[in-house]
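# Coordinates for the following, if possible.
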Amino acid sequence: MRTLNLLLKRVFDIFVSTIGIVIAIPVFVVVPIAIKLTSKGPVIFKQPRVGKDGKMFVMYKFRSMMLEQYDANGVEIMSEDRITKVGKIIRKTSLDELPQLFNVLNGTMSVIGPRPMLDYQAPRCIGEEKLRFEMRPGLTGLAQIKGRNNIWWEERIQYDIEYVKTFTFWLDMVILFKTVLLVFKKQGTEVKPEYRGVSRFSKFYVPEENAETVTYMDVAN
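Numbers count the residues shown, from 1 in each chain. Okay, here's the model as predicted:
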């Protein structure tokens, strides 16, 4: 039964990504022009992410941040403060994620699944947390409809684990429907201050000396 559900999932991914790209052609014209006219840098933001079975792939997004990472005094600018005016709009409407339809079409991502991790985050998954890499990463997932940006990373991963364990094609349809509702309501797009702290999966986390660590080999296996 799981094999059949996975087959339906891939067929659905190909269908939705193809139709989505065609429908979004006007957006793929207008958004790049807006980005180019208002900030320096490339239109598409490309970033290495960790996908299914711990394999690396390049994820695509419309660039929503300015290229400068440091101010005139050499102090690093917080990510939230680097978002451009156009970036705020496309993030609010989730249009910045549209280029990931090409990731779905080429099979590196799925419409539904755990959000893809950054290269420094994946090795920090321990024990059962590594189950999240058994599925292709998704445009949206169970964690996104449960709180999106405003739940702690540990909570997100628990929802990822729940998704992998209980996956069915029907569950994907439920998540997709709820995601569409959240996009229209524009909920969870901005990170609340209380969720900006340093966690085990944040960039500035420093592990304890005896903390359990894993390698990409562990993730892939």
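# Just the C-alphas of the lengthiest helix in the chain, formatted as CSV.
The longest helix of the chain (DSSP state H) is helix 2-23. Taking Å, rounded to 0.1, in the frame of the first residue of the first chain, the C-alpha atoms of helix 2-23 are listed here in CSV:
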residue,chain,number,x,y,z
ARG,A,2,2.8,2.4,0.8
THR,A,3,4.4,1.7,-2.6
LEU,A,4,1.2,2.6,-4.3
ASN,A,5,0.9,5.8,-2.2
LEU,A,6,4.4,6.8,-3.2
LEU,A,7,3.7,6.2,-6.9
LEU,A,8,0.5,8.3,-6.7
LYS,A,9,2.6,11.0,-4.9
ARG,A,10,5.2,11.1,-7.7
VAL,A,11,2.5,11.2,-10.4
PHE,A,12,0.8,14.0,-8.5
ASP,A,13,4.1,15.9,-8.2
ILE,A,14,4.7,15.8,-11.9
PHE,A,15,1.2,16.9,-12.7
VAL,A,16,1.0,19.7,-10.2
SER,A,17,4.5,21.1,-11.0
THR,A,18,3.9,21.1,-14.7
ILE,A,19,0.5,22.8,-14.5
GLY,A,20,1.8,25.2,-11.8
ILE,A,21,4.7,26.3,-13.9
VAL,A,22,2.4,27.0,-16.9
ILE,A,23,-0.1,28.9,-14.9
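# tell me the mean pLDDT for that helix?
The pLDDT scores in helix 2-23 average 96.
# Where does pLDDT dip in this protein?
Counting by pLDDT under 70, the chain shows low-confidence ranges at 148-150, 186-198, 204-221.
# if you set the cut-off to 80 instead, what comes out?
Scanning the chain for pLDDT under 80 picks out 69-81, 147-152, 183-221.
# Now do the strands in the chain.
Here the chain has its strands, by DSSP state E, at 44-50, 56-62, 110-112, 138-140.
# Of those, which is nearest V183?
Closest to V183 of the strands of the chain, according to CB to CB: strand 138-140, at 8.8 Å. (C-beta placed from N, C-alpha, C; glycine too.)
# Quick check: can you name the pairing partners of the closest one and their directions?
If you go by DSSP bridges, strand 138-140 pairs up with strand 110-112 (parallel).
# V43 touches P32, doesn't it?
Yes: judged on CB atoms under 8 Å, V43 makes contact with P32 at a distance of 4.1 Å.
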